[in-house]
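In: okay, here's the prediction I keep looking at, along with the sequence it came from:
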Amino acid sequence: MTTLGLPQVVPDPSLPGRVRIYEVGPRDGLQNEQTLVPTSTKAELVRRLVDAGLPVIESTSFVHPRWVPQLADAADLVDALVVDLGDVALDMPVLVPNERGLDRALEKGLRHIAVFGSATETFARRNLNRSLDEQFAMFEPTVRRARDAGVDVRAYVSMCFGDPWEGAVPVDQVVSVGRRLVDLGASELSLGDTIGTGTPGHVTALLAALNDAGLPNESLAMHFHDTYGQALSNAVAALRCGVTTFDASTGGLGGCPYAKSATGNLATEDLVWLLTGLGIEHGVDLDRLVSTSLWMASRLGRPSPSAVVRALGGDADG
């Protein structure tokens, strides 16, 4: 591994001073890999991300193996992480699709879950087998029981900036879905640009509408995909609006198994480079993070799509 450079720091006092990076690589990044990744490799990935300073790492999903075979080892992975990381592992969020998934998370003593909703009718039916309205009835008992058990709930909202079947998604439709999820008990909304078609003006307009609906930036997170190369531009737009939580995936891994036009997530390394150059604190060690992505790329048998990993990476031995 070569010695890594860092960008020249030119702070922008109009931007937030610190950002929280919500790492989704172990779950969202790996969920649609066709070749099964060993549990031991997933556990090592999480350990390396912890060592790199990522403050939040979504480790897996308690989804039925028939739907996402890659995550069939969720319980075993959590057990391995508890052995290696102790109490830290219990604070790692997991995605749960329904009450059965919640039961499994509660059995493991986990303290943070996420549910995955849709801003559009078509994707709700394809991903959840529910209509846009019916999804809330499915989420209600899961969120209520989680909150009653003292478990924090995050809600993902997919297709916020465009849908491959429906096209443009009205801003007020996204706001309505987000408002209903918060009213159910979600403490944070992650707004997904699932197919990567969002642009900065769209980001600004959506955030303004959400704020007007009583959803402050403190309760919002941005989840960008880089399909059209817009993820970092959109991140800057969200920063200018005051958002301080961003989802990202180590090495740019991931997509969505139910939306074929959804390519990789915003790479954590690319986000870290941007934040570092702007003088925004994030707590992540870029050297260790790039090393981790090179290591993971060697396990997957292909190079990382992250521009920063490509620019800074040496050998892939990790």
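Out: Great, that's in hand.

In: I'd say S304 and A267 touch.
Out: Yes: here S304 reaches A267: they are 7.4 Å apart, a contact under CB atoms under 8 Å. (Glycine included, C-beta is placed from N, CA and C.)

In: and the two? Which one has more around it.
Out: A267 (30 against 24; other CB atoms under 10 Å).

In: pull up the overlap in contacts between S304 and A267.
Out: Taking CB atoms under 8 Å, 6 or more residues apart in numbering as the criterion, S304 and A267 both touch G251, G252, S293.

In: and which of those residues is nearest G283?
Out: S293 (17.5 Å; CB to CB).

In: with adjacent residues omitted, what lies nearest to the closest one?
Out: G251 (3.5 Å; CB to CB, 6 or more residues apart in numbering).

In: next: L286.
Out: In space, L286 is closest to V272, 5.3 Å off (CB to CB, 6+ apart).

In: other SSEs contacting the one helix or strand the one you found maps to?
Out: Following DSSP states H and E, one finds V272 within helix 268-277. For helix 268-277, the elements it packs on are strand 20-23, helix 231-241, strand 245-248, helix 286-300, helix 307-312, judged by 3 or more CB pairs under 8 Å, 6 or more residues apart in numbering; DSSP states H and E.

In: list the contacts for the residue nearest to S293?
Out: G251 neighbours (CB under 8 Å, 6+ apart): 25, 29, 267-269, 292-293, 296-297, 304-306, 309.

In: and D51, how many neighbours?
Out: Around D51 there are 13 other residues, counting by other CB under 10 Å.

In: give the helix, strand or coil label for V243.
Out: coil (DSSP: H, G, I helix; E, B strand; the rest coil).

In: check what pLDDT R180 gets.
Out: pLDDT recorded at R180 is 98.

In: that one: neighbour count?
Out: 19.

In: and what of T35?
Out: Neighbour number of T35 under other CB under 10 Å is 8.

In: does the residue nearest to L286 touch G283 like I think?
Out: No: counting by CB under 8 Å, V272 sits too far from G283 to count as a contact (9.7 Å).

In: look at those two and report which has more neighbours.
Out: Taking neighbours as other CB under 10 Å, V272 and G283 compare with V272 leading, 27 against 13.

In: tell me who's in contact with that one.
Out: So V272 contacts I21, H282, V284, L286, L289, V308 (CB under 8 Å, 6+ apart).

In: closest one of these to L210?
Out: Nearest member of the contacts of V272 to L210, counting by CB to CB, is I21, at 20.7 Å.

In: contacts only, for the residue lying closest to A205 once chain neighbours are set aside.
Out: Excluding the flanking residues, the one nearest A205 by CB to CB, 6+ apart is V171, at 5.9 Å. Contact analysis of V171 by CB under 8 Å, 6+ apart lists A205, L206, A209.

In: from R302, how far out is the second one?
Out: Here L206 is placed at a distance of 33 Å from R302 (CB to CB, to the nearest Å).

In: ok, those two, which is more surrounded?
Out: Between L206 and R302, counted using other CB under 10 Å, the more crowded position is L206 (26 against 8).

In: isn't the more buried one right up against V174?
Out: Yes: between L206 and V174 there is a contact at 6.1 Å, judged by CB under 8 Å.
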